[in-house]
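Chemist: predicted model, plus sequence, below.
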Amino acid sequence: MNRVAIVGTGQTKFSKDDKDIERLLFESSSDCIQSVNNCNSNNIEGVLVSTNNNSKYLAAILSETIGIRPKISHSIEHLCSSGTNAIISAYAYISSGLSEMILVSGVESATNPGQVLEWDKSRGNLEHPIYWGSMLTKSHKRRFHTTEEELAIVSAKNHKQAMDNPFAYSNEPRTISEVMNSKQITEDLRILDCSRSCSGSSSILLASEEKAKTFSDQPIWITGIGQKTTSASFTKNSLEKIESTRIAADSAYKMAKIESKNIDVAEVHDAFSVCELMAISELGITSNDKSGEFVRNLFNTENRMINPRGGLIGAGHPLGATGISQTIEITNQLQCKSDKRQISNANTGLIHNMSAAGTSSSIMVLQN
Amino acid sequence: MTFFEEELKHGVFQICYCKKCNNTIWPTNEICHVCHKKTEWKKSRNIGRIIEFSKKDSSYFGLVEIDNGIRVLGEILSTSMPEIDQSVKMRVSFHSKPHYSFIVENN
């Protein structure tokens, strides 16, 4: 298999306002292409669009808008992890030799249809993610004695880190007390424990080794990939673990020939506060019963190892763009281009993106 | 509407299963996911146990397991705080979406 690198990135600011999908795609794609020296549209052989939007033929529309006639173009939808799955598809095209350079663009409008999986009749009329979020949270509290304060620290930390992310939907700081006293959604979830659906777009340019060395002084290599789907219906899940994340992480670590202790920085899928605690446990960074303490320590020491851009809670969650935005953050971290968010000596980073209450997970390991 | 939804409308929760593989198919499907043959139906016993619960406004909701392995999210009707493993009776209906209610026994 050929090696594959990230050579360019572009993003729009995330927003609570609904915006024109095609315009957002154009803006992040154009920024992405311009971020690469001496690269123009003619160098790009493939265009993939990740989104939950109902608009049709978006990859072809984007291609025409930015003046590309690609040999590969199509959309990819996989709910919240559409973005990383589009990157993994682009990786496969390049590593197999079918293409040399692919633009992957994720986009979403704030009122997107990707928050509800109508097929899953086991959720009855309780379709909204807050219901499964409440089940996971209550179960975590019961099993691991996780406190309301430990959950609030996840949100306070991620909001604080998002203050230094110019693309986040909000740059407002939130104290632990503010989180704990924010509007109660259910007995186990406050509004500030929840990520917010946003509009926004993120784009990334992937290249073969030969092209990467032509177009970038700092290519970031995708060295590990893991993807696992355990089911589509939430009620098949165990409440105390995210099995798909553990399996996908094992695959990604094996491919990259690393262990969890080698991860310097990670973007994890904090759809709700509890998801960050569960994710860092399933990734092997800590254990379930110590995850609250681990995050408290990060917060107290201002260590941005987990979700330096603010995660989904701090930065916002434009579903189709989220996985790409996470990947851009880790790329910037490994290139030492994260300004105030920079982790020192970051050489290995991880992206964790999941869908539908963790019924599927996608993991990527990046290295400089 | 599917057969499952029609039956919910009449207050009946039908369990979908494969006679050949002895598998329960949930969410329901006309085809068994193992042998890909047509599935069959039988009525639920309408009795379950609470796996987990929470509360929204003044109403409880939660994850309930019925008929030895089928897990369903629905409202929990109880005058006091529900308990894990508590026995519940299921009541179902369909109004553009399935509605599952669980009544705590000895309530």
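Modeler: Cool, got the structure.

Chemist: residues contacting the residue most central in space within chain B?
Modeler: Nearest to the mean C-alpha position of chain B, by C-alpha atoms, centre = their mean, lies residue B:72 at 4.8 Å. The neighbours of residue B:72, taking C-beta atoms under 8 Å, 6 or more residues apart in numbering or on different chains as the test, are A:122, A:124, A:235, B:48, B:63-66, B:90, B:100. (Glycine included, C-beta is placed from N, CA and C.)

Chemist: nearest to residue A:287, of these?
Modeler: residue B:63 (24.1 Å; C-beta to C-beta).

Chemist: burial count for the nearest residue to residue A:156 once chain neighbours are set aside?
Modeler: Excluding the flanking residues, the one nearest residue A:156 by C-beta to C-beta, 6 or more residues apart in numbering or on different chains is residue A:176, at 4.7 Å. A count of nearby residues for residue A:176, using other C-beta atoms under 10 Å in any protein chain shown, gives 19.

Chemist: swap in residue A:155?
Modeler: If you count neighbours by other C-beta under 10 Å, residue A:155 ends up with 28.

Chemist: the lowest-mean-pLDDT helix or strand in chain B: partners in the sheet, and parallel or antiparallel?
Modeler: The helix or strand of chain B with the lowest confidence, counting by mean pLDDT, DSSP states H and E, is strand B:23-24 at a mean of 92. Using DSSP bridges, strand B:23-24 pairs in its sheet with strand B:14-18 (antiparallel).

Chemist: picking that back up, now do the SS call for the residue nearest to the centre of chain B.
Modeler: Residue B:72 falls in the strand class when you classify it by DSSP: H, G, I helix; E, B strand; the rest coil.

Chemist: what sits against the closest residue to it other than its chain neighbours?
Modeler: Among residues not flanking residue B:72 along the chain, residue B:100 sits closest, at 5.1 Å (C-beta to C-beta, 6+ apart). Residue B:100 makes contact with A:124-125, B:13, B:64, B:72-75, B:90-92, according to C-beta under 8 Å, 6+ apart.

Chemist: just the element for the most centrally placed residue in chain A, please.
Modeler: The centroid of chain A falls nearest to residue A:323 when counting by C-alpha atoms, centre = their mean (3.0 Å). According to DSSP states H and E, residue A:323 maps onto helix A:319-334.

Chemist: quick one, the following helix or strand past that helix and helix A:319-334 angle?
Modeler: Proceeding N to C from helix A:319-334, the next assigned helix or strand is strand A:348-355, under DSSP H and E. Strand A:348-355 and helix A:319-334 are oriented at 170 degrees to each other (axes from the mean of the first three to the mean of the last three C-alpha atoms, to 10 degrees).

Chemist: look up phi and psi at residue A:111.
Modeler: Here is the backbone geometry of residue A:111 (degrees, to the nearest 10): phi -100, psi 70.

Chemist: look up the closest residue to it, ignoring the ones flanking it.
Modeler: residue A:18 (5.7 Å).

Chemist: for that neighbour, give me its contacts.
Modeler: If you count contacts by C-beta under 8 Å, 6+ apart, residue A:18 has them with A:109-111, A:199.

Chemist: quick one, helices of the stretch 51-200 of chain A?
Modeler: Using DSSP state H, counting those that start in this stretch, the helices of the stretch 51-200 of chain A run over A:58-65, A:82-95, A:129-144, A:148-162, A:176-180.

Chemist: get me the contact residues on chain B for chain A.
Modeler: B:4, B:26-28, B:51-56, B:61-63, B:70-75, B:84, B:95, B:97-100 (C-beta under 8 Å from any C-beta of the partner chain).

Chemist: of these, just the buried ones, ChimeraX syntax please.
Modeler: Here is the ChimeraX command that selects only those of the residues of chain B next to chain A that count as buried (16 or more other C-beta atoms under 10 Å in any protein chain shown):
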select /B:4,26,27,28,51,52,53,54,55,56,61,62,63,70,71,72,73,74,75,98,99,100
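
Chemist: low pLDDT regions in the stretch 201-350 of chain A?
Modeler: Counting by pLDDT under 70, not a single residue of the stretch 201-350 of chain A qualifies.

Chemist: in it, which residue sits nearest chain B?
Modeler: residue A:235 (3.7 Å; C-beta to the nearest C-beta).

Chemist: surely that residue and residue B:63 touch.
Modeler: Yes. Here residue A:235 reaches residue B:63: they are 6.7 Å apart, a contact under C-beta atoms under 8 Å.

Chemist: so for the two, which residues contact both of them?
Modeler: B:71-73.

Chemist: who is the residue nearest to residue B:5 when sequence neighbours are not counted paired with across the strands?
Modeler: Nearest residue to residue B:5, sequence neighbours excluded (C-beta to C-beta, 6+ apart): residue B:94, at 5.3 Å. Beta-bridge partners for residue B:94, by DSSP bridges, are residue B:98.

Chemist: what sits against residue A:29?
Modeler: For residue A:29, the contacting residues are A:10, A:62, A:65-66, A:103, A:105, A:201, A:203, by C-beta under 8 Å, 6+ apart.

Chemist: just to be sure, it is in a helix?
Modeler: Yes. Looking at residue A:29 with three-state DSSP, it is inside a helix.

Chemist: next, count neighbours for residue A:42.
Modeler: So residue A:42, with other C-beta under 10 Å, has 9 neighbours.

Chemist: in three-state terms, how would it be classified?
Modeler: helix.

Chemist: so residue B:75 bridges to which residues?
Modeler: Beta-bridge partners, per DSSP bridges, of residue B:75: residue B:61, residue B:101.

Chemist: check contacts around the residue nearest to residue A:256 when sequence neighbours are not counted.
Modeler: Spatial nearest neighbour of residue A:256, excluding adjacent residues (C-beta to C-beta, 6+ apart): residue A:224 at 3.0 Å. Residue A:224 makes contacts with A:251-256, A:258, A:363-365, as judged by C-beta under 8 Å, 6+ apart.

Chemist: can you pull the pLDDT of the residue nearest to the centre of chain B?
Modeler: Note on residue B:72: pLDDT of 97.

Chemist: residue with max distance from the center of chain B?
Modeler: Distance-from-mean max, chain B, by C-alpha atoms, centre = their mean: residue B:35 at 24.0 Å.

Chemist: which parts of stretch A:19-32 are buried?
Modeler: Of the residues in stretch A:19-32, A:19, A:21-22, A:24-29, A:31-32 count as buried by neighbour count, 16+ other C-beta under 10 Å.

Chemist: kindly report the same for stretch A:342-360.
Modeler: Applying 16+ other C-beta under 10 Å to stretch A:342-360 flags A:342-343, A:346, A:348-360 as buried.

Chemist: can you tell me how far residue B:30 is from residue A:141?
Modeler: Counting by C-beta to C-beta, to the nearest Å, the gap from residue B:30 to residue A:141 is 40 Å.

Chemist: what about the two, which has more around it?
Modeler: Ranked by neighbour count (other C-beta under 10 Å), residue B:30 and residue A:141 place residue A:141 first, with 17 against 11.

Chemist: what residues does that one make contact with?
Modeler: Per C-beta under 8 Å, 6+ apart, neighbours of residue A:141: A:147, A:188.
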